[in-house]
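Chemist: Generate coordinates for the sequence data below:
(one chain, ligands or ions: 2)
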Amino acid sequence: MSLQQLINELVRDVPDYPKPGVMFKDITPLLADHDGFRAVVAAIADHAHGRIDKVVGLEARGFIFATPVALALGAGFVPVRKSGKLPSETFAATYDLEYGTATIEVHRDAFAPGERVLIVDDVLATGGTAEAAVSLVRRAGAEVAGLSVLMELSFLNGRDRLKDLPIESLVTV
Ligand SMILES: O=P(O)(O)OC[C@H]1O[C@H](OP(=O)(O)OP(=O)(O)O)[C@H](O)[C@@H]1O
Ligand SMILES: Nc1ncnc2[nH]cnc12
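Modeler: Ligands and ions are numbered 1, 2, ... in the order given. All right, here's what the predicted structure looks like:
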């Protein structure tokens, strides 16, 4: 079975969650499957181009994939968190996503100047979250080398908001 088939089998569609009209991609069956989880982490790490100094994970589901990818790449891990959760000084960005609005933050001193950063998340939908994360990493003085996601919902055109950014998605629906 191909990796795409495996992901499609292990990611469950939940209609009308968290609100009517949204088809929610539930990754919990994939996470519970050792072989599937390991294959996804390995594929995200394999797709990274060039030197990666830090892997950024987007709270909460992005953390699950970004931390093992950071270890696989020999990079550090930096959390981008929902507002009010990081204890030191932060940069913040507010954005819309498929089913709401949110504010995310990163520590101002999370990166050394010019470090190359891979941003990792589970789903790219409207691209609001990823666009906000890119702006935070750049404001904190690092270079965004790329964005890597498990699944891209192409009908929401998230890619269009992230022009000039290398984007890898293991599955596109
Ligand atoms: O492309 P977008 O429309 O911005 O949507 C994608 C984001 O939405 C989900 O996160 P969510 O904010 O639901 O948080 P969670 O990871 O804490 O569940 C998902 O994990 C992505 O981060
Ligand atoms: N449809 C969806 N399923 C899971 N996560 C999402 N984040 C934004 N849209 C989503």
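Chemist: which one is the spatially most central residue of the chain nearest to, not counting chain neighbours?
Modeler: For the chain, the residue nearest the mean C-alpha position is residue 121 (1.6 Å; C-alpha atoms, centre = their mean). In this structure, residue 121 finds its nearest non-sequential neighbour in residue 62, 4.0 Å apart by C-beta to C-beta, 6 or more residues apart in numbering. The C-beta positions use only the backbone N, C-alpha and C, and glycine is treated the same way.
Chemist: Could you check how far that neighbour is from ligand 1?
Modeler: Using C-beta to the nearest ligand atom, to the nearest Å, residue 62 is found at 6 Å from ligand 1.
Chemist: do the same with residue 6
Modeler: The spacing between residue 6 and ligand 1, counted by C-beta to the nearest ligand atom, is 20 Å.
Chemist: coming back round to it: burial check on the residue nearest to residue 121, number of neighbours?
Modeler: The criterion is other C-beta atoms under 10 Å. On that basis, residue 62 has 24 neighbouring residues.
Chemist: what does residue 65 give?
Modeler: 26.
Chemist: Over to residue 85?
Modeler: For residue 85, the number of neighbouring residues by other C-beta under 10 Å comes to 11.
Chemist: got it, and residue 126?
Modeler: If we define neighbours as other C-beta under 10 Å, then residue 126 has 18 of them.
Chemist: all strands for this protein, in order.
Modeler: Assigned by DSSP state E, the chain shows strands spanning 12-15, 23-26, 54-58, 76-82, 90-97, 100-107, 116-124, 143-152, 167-172.
Chemist: Report the rounded mean pLDDT for the last one.
Modeler: Taken as a whole, strand 167-172 has a mean pLDDT of 98.
Chemist: Pull out the buried positions in it.
Modeler: Across strand 167-172, burial judged by 16 or more other C-beta atoms under 10 Å covers 167-171.
Chemist: With distance to ligand 1 added, can I get the residues you listed in JSON lines?
Modeler: Below are those laid out as JSON lines (distance: C-beta to the nearest ligand atom, whole Å):
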{"residue": "167", "distance to ligand 1": "12"}
{"residue": "168", "distance to ligand 1": "15"}
{"residue": "169", "distance to ligand 1": "12"}
{"residue": "170", "distance to ligand 1": "14"}
{"residue": "171", "distance to ligand 1": "14"}
